[in-house]
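**Student:** output the structure for:
(one chain, ligands or ions: 1)
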Amino acid sequence: MANILAIYGSPRRRGNTSLLLQRAVQGAMEAGDHVDEVILRDLKISPCLEIYGCKKTGRCVIQDDFQKLYDQILSCEGIMLASPIFFYTVSAHTKILMDRCQSLWVKKYWLEEKSHKNKEQERKGLFISVGATGGKKLFDGVLLSVRYFFDALDTKLSHTLLYRGLDFEGDILKHPEYLEEAYVAGMELSRTIRQT
Ligand SMILES: Cc1cc2nc3c(=O)[nH]c(=O)nc-3n(C[C@H](O)[C@H](O)[C@H](O)COP(=O)(O)O)c2cc1C
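**Tutor:** Residues are numbered from 1 along each chain as shown. Below is the predicted model:
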């Protein structure tokens, strides 16, 4: 049984990305995996203060709710991250988490201490996002951010679900096919983890 960490990045508890992520979680659980769910808006996490207290050990020195999340990231085999598009990137809640994970970037690239041993043992990641508009480039910025964020976490972005034209809370419910895709993506993530 793999350990998967599901991170809810929207300020809306029952928003579009949250409902999608819930379905992905159900898919992974149905596939037999254990999923820990973290709702970023419920946590007290300071933004990165750029003091590089992490330079010695690769662990952030700011004592807040990030500490537990850091341990959860290191001990999981798969990560599901869901964030709405806010100004062509992730939500502020998600961005704060990303920046605090600079400690993992430091651990990997300055201290050369891989949190996972080799490529085969790399974590596998699913990213879910939703935006209100329909532009071709809507997800360009966020995908670049998430790819580099996942790299710091030794996580391969193996699955993405990106949906345009959804704005109001509940809009996703008009698209049961998207929710079904999320369920399947959760199962697929589990399968991908098991294959390695
Ligand atoms: C602060 C803010 C910024 C936003 N920026 C964008 C944007 O750049 N492009 C876009 O298409 N939608 C944008 N939206 C709309 C959200 O992406 C959209 O409402 C989405 O469905 C919210 O997902 P959620 O329900 O999971 O929070 C923005 C919404 C807010 C509140």
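
**Student:** what about Q22, distance to the ligand?
**Tutor:** Separation of Q22 from the ligand (C-beta to the nearest ligand atom, to the nearest Å): 11 Å. No exception for glycine: its C-beta is placed from N, CA and C like everyone else's.

**Student:** just the element for that residue, please.
**Tutor:** In this structure, Q22 is located in helix 16-30 according to DSSP states H and E.

**Student:** now do H159
**Tutor:** strand 155-163.

**Student:** which other helices and strands does the next helix or strand after that strand contact?
**Tutor:** Scanning forward in sequence from strand 155-163 by DSSP H and E, the next helix or strand is helix 176-195. Applying 3 or more C-beta pairs under 8 Å, 6 or more residues apart in numbering; DSSP states H and E, one finds that helix 176-195 contacts strand 3-8, helix 16-30, strand 78-84, strand 123-130, strand 155-163.

**Student:** quick one: the strand holding H159 to strand 3-8, angle?
**Tutor:** 40 degrees (axes from the mean of the first three to the mean of the last three C-alpha atoms, to 10 degrees).

**Student:** close to the ligand, is strand 155-163?
**Tutor:** No. Against the ligand, strand 155-163 shows no contacts by C-beta under 6 Å from any ligand atom, the least distance being 8.3 Å.

**Student:** in that strand, what counts as buried?
**Tutor:** By 16 or more other C-beta atoms under 10 Å, the buried positions in strand 155-163 come out as 155-161, 163.

**Student:** contacts for it?
**Tutor:** Here strand 155-163 makes contact (C-beta atoms under 8 Å, 6 or more residues apart in numbering) with 16, 20, 24, 79, 122-131, 138-139, 143, 146-147, 150, 172, 175, 178, 181-182, 185, 188-189, 192.

**Student:** intersect the residues you listed with the contacts of the ligand.
**Tutor:** Applying C-beta under 6 Å from any ligand atom to the contacts of strand 155-163, one finds that 16, 130-131, 138 fall near the ligand.

**Student:** dump those to a markdown table, plus neighbour count and pLDDT.
**Tutor:** Listed next are these as a markdown table, based on neighbours: other C-beta atoms under 10 Å; pLDDT from 0 to 100:
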| residue | neighbour count | pLDDT |
| --- | --- | --- |
| N16 | 27 | 98 |
| V130 | 27 | 98 |
| G131 | 20 | 98 |
| L138 | 20 | 98 |
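
**Student:** could you dump those residues into TSV with distance to D65 added?
**Tutor:** Formatted as TSV, these follow (distance: C-beta to C-beta, whole Å):
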residue	distance to D65
N16	25
V130	25
G131	28
L138	30
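
**Student:** what's the most distant pair in the residues you listed?
**Tutor:** For those, the maximum inter-member distance is 13.8 Å, found between N16 and L138 (C-beta to C-beta).

**Student:** and the protein, which residues reach the ligand?
**Tutor:** 10, 12, 15-18, 84-88, 130-133, 138, 166-167, 169.
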